[in-house]
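J.: A structural model of the following input is requested.
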Amino acid sequence: MLELSSVMADAPRFVLVHKMTELSSPVNIKRSPEVSSVAPSSIRWLVRGTAALALVAGASWLGYAVAFQRGLDHLHVAAQQRLAMEAARLDGHLSRFEYLPSLLETSPSVFRLLAAPADAALQHSVSLYLKSINLLAGADNLYVLGVSGDTLAAADFEEPGTPVGQNLSYRPYVSEALAKGRGAFFGVGITSARAGYYLSYALKEGGATRGVATVKVNLDSFERAWRDIDSDIILLDERQVAILASRDGWRYRPMAPLSAQMRDEISRSKPYGNHDLTPLGWTVVARSRVTTESGTAYTVSEFPINRGLWKLVLLDDEAPTRQTALVIGGMSGLASMVALLAAGLVLQRRREIRQRLANQAALQAAHDMLETRVQERTAELRAAQDELVHAGKLAALGQMSAGIVHELNQPLAALQTAADNAISYVDRGSIGDARGNLTRIGELVRRLGRLTSQLRVFAYKSSSPLDTVSVEHAMAESLKILAGRVKDGGVDVVTGIDADLCVLADQTRLEQLFCNIVANALDAVESVERKSILIRATRELGQAARCRIAISNSGPAIASDVLQRMFEPFVTTKPAGKGLGLGLMLSNHIARSFGGELHARNLPDGAEFVVILPLAEMTEAASHGR
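T.: Purely as a prediction, here's the structure:
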């Protein structure tokens, strides 16, 4: 009973310890960071989303700002062109009538009227004269004033609102003409209530001013034309008051409030009639941009006219430009969203690639091990290849040494024989025969010099200049070198070379070229019964004069696979130890250095090597001369 009770008493302690062990297990410890990482992850996504929205908003605003500014610049350029044309029209229209007042100075009747201003008949006669002139000129009115400012005659004397009988001395154009000889003024007619541009001229007789001639120019046609264009135009005078406008509500309103002094001057000269001159009340938003009372935003462009006294102003509504800029801004925002989505896809793709690479870690380790073994095997193969190349070089040196000994033996034997014969001839007193042997010895020495100099072809590129070389002579020298092999092998060598046939080449290297090809032909005919070699050299006259040297032999045909690689190094059909396959490669190199070619082909009864070389110019000249 005591043991059982002790066990039952220990049971709760065991359960508690077991629960605490479960709570402190690694599984529970790992889950806690996952739960706690939810909040940082949400914050991170919130930051990324906010940054993306800011980027989209920034791209939209930048696209809108750039497009809007470019649109305003385009409007300004187009406005300057339009203003220049309109200013030219307006200036031209005003200058048309500058001569008209001075024309009256040539009329005697006008001066009689100025001398007798109360003569009614004379007033009528001059008014008819002014009317006839004005009909031809097309001005709004033409009239004459006395020095007191009274209007004595006018072209519209029969119409209501005529200035005849009115005193206009308060008008600036009258006082300017009396003081300076000429005057100009824009204003509303006192009697006609029609606005116009007044040009005045002082009428002088005998050096004294007798009166003033004035022409009034109507500018209403310009206002009517301006109403038909898309933009708005106003014409500001020297007081910055709109005297012409495409909108009636803007006419006779200043750009800014007028000063008290300016209002006093206006009340005396009355240029704007009874208009109250309420300012336009436009707000300047930025340079060359204003907002009207109605809230419409305009781009403002200005152009001076009338000798800089007036200013022609064109106003382009910014609403279409702003709408276009908004569209472009929206497109920029969409483009930035697409770019962000593409960047997100790229990042997602990179994560997938990293995961894939992690899954392939085991395969990569095996691959690395295999790659290491391949590299070790490759190093072993390269070492073996280097040994083979070294052995090939030693074999090439041996082959070249054997060839040199073979080539030198015959000239040396001939030298010995010629020297012995020369001594015998001297002893006998046959000086002529001894001289011939000595000449032969000199030729053999020169041939030995050429043979030894040919060794440089294998290692160095010749720097000697090309010269005119006789083909017949070079072939003869080459056959002399190989005469021993020809005789020993019983080979029938036939040559057919055109007379005086010369090419541009180097004597020594050309003989080396011929020796290599003829020696190759001698090797080819060793195993056949009929041993023959045919050498032909002819001219080829085409776009470029060339020499064709064909060396054919009666040996066996060249295998097709060898024929394709005939001029590559170490390609040969000779048995081991007899040839390295370098002769034809060297011959091809020599032919190309002369600007020529070397070809090989099979014939029905053997093989043929063809050398193409450029003809020497002197040879062509000589042949044509004959």
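
J.: what about stretch 129-146, average pLDDT?
T.: The pLDDT scores in stretch 129-146 average 93.

J.: tell me the pLDDT at the residue nearest the centre of the chain?
T.: Closest to where the C-alpha atoms of the chain average out (C-alpha atoms, centre = their mean) is Arg70, at 24.2 Å. We have a pLDDT of 90 for Arg70.

J.: and it, how close does it get to Val77?
T.: 11 Å (C-beta to C-beta, to the nearest Å). Placement of C-beta: from N, CA and C, glycine included.

J.: how about Glu86?
T.: Glu86 is 15 Å from Val77, where distance means C-beta to C-beta.

J.: now the helices for the stretch 251-400 of the chain?
T.: With helices called from DSSP state H, counting those that start in this stretch, the stretch 251-400 of the chain shows them at 260-269, 319-359, 361-428.

J.: if you could redo that for the stretch 51-200 of the chain, that was the one I meant.
T.: Per DSSP H, counting those that start in this stretch, the stretch 51-200 of the chain carries helices over the ranges 100-103, 108-115, 120-137, 172-180.

J.: quick one: the last one to helix 260-269, angle?
T.: So the one you mean is helix 172-180. Orientation of helix 172-180 against helix 260-269 (axes from the mean of the first three to the mean of the last three C-alpha atoms, to 10 degrees) gives an angle of 90 degrees.

J.: which strands and helices sit next to helix 172-180?
T.: If you count contacts as 3 or more C-beta pairs under 8 Å, 6 or more residues apart in numbering; DSSP states H and E, helix 172-180 packs onto strand 182-188, strand 195-205, strand 208-217.

J.: got the helices of the stretch 51-200 of the chain as a markdown table, with distance to Met337 and mean neighbour count columns?
T.: As requested, these are exported to a markdown table (distance: least, C-beta to C-beta, whole Å; neighbours: other C-beta atoms under 10 Å):
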| stretch | distance to Met337 | mean neighbour count |
| --- | --- | --- |
| helix 100-103 | 69 | 19 |
| helix 108-115 | 81 | 18 |
| helix 120-137 | 68 | 16 |
| helix 172-180 | 66 | 19 |
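
J.: is it possible to get CSV of those helices that adds distance to Thr283?
T.: Listed next are the helices of the stretch 51-200 of the chain as CSV, based on distance: least, C-beta to C-beta, whole Å:
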stretch, distance to Thr283
helix 100-103, 43
helix 108-115, 53
helix 120-137, 44
helix 172-180, 33
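
J.: hang on, the earlier thing: tabulate the helices of the stretch 251-400 of the chain (TSV), appending mean neighbour count and mean pLDDT.
T.: Shown next, in TSV, are those (neighbours: other C-beta atoms under 10 Å; pLDDT from 0 to 100):
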stretch	mean neighbour count	mean pLDDT
helix 260-269	12	88
helix 319-359	13	89
helix 361-428	12	72
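
J.: make TSV out of those helices and add distance to Arg210.
T.: Formatted as TSV, the helices of the stretch 251-400 of the chain follow (distance: least, C-beta to C-beta, whole Å):
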stretch	distance to Arg210
helix 260-269	24
helix 319-359	58
helix 361-428	115
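
J.: one step back: can you add mean neighbour count and distance to Leu104 and give the helices and strands packed on helix 172-180 back as TSV?
T.: What follows is the helices and strands packed on helix 172-180, written out as TSV (neighbours: other C-beta atoms under 10 Å; distance: least, C-beta to C-beta, whole Å):
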stretch	mean neighbour count	distance to Leu104
strand 182-188	20	13
strand 195-205	22	6
strand 208-217	23	4
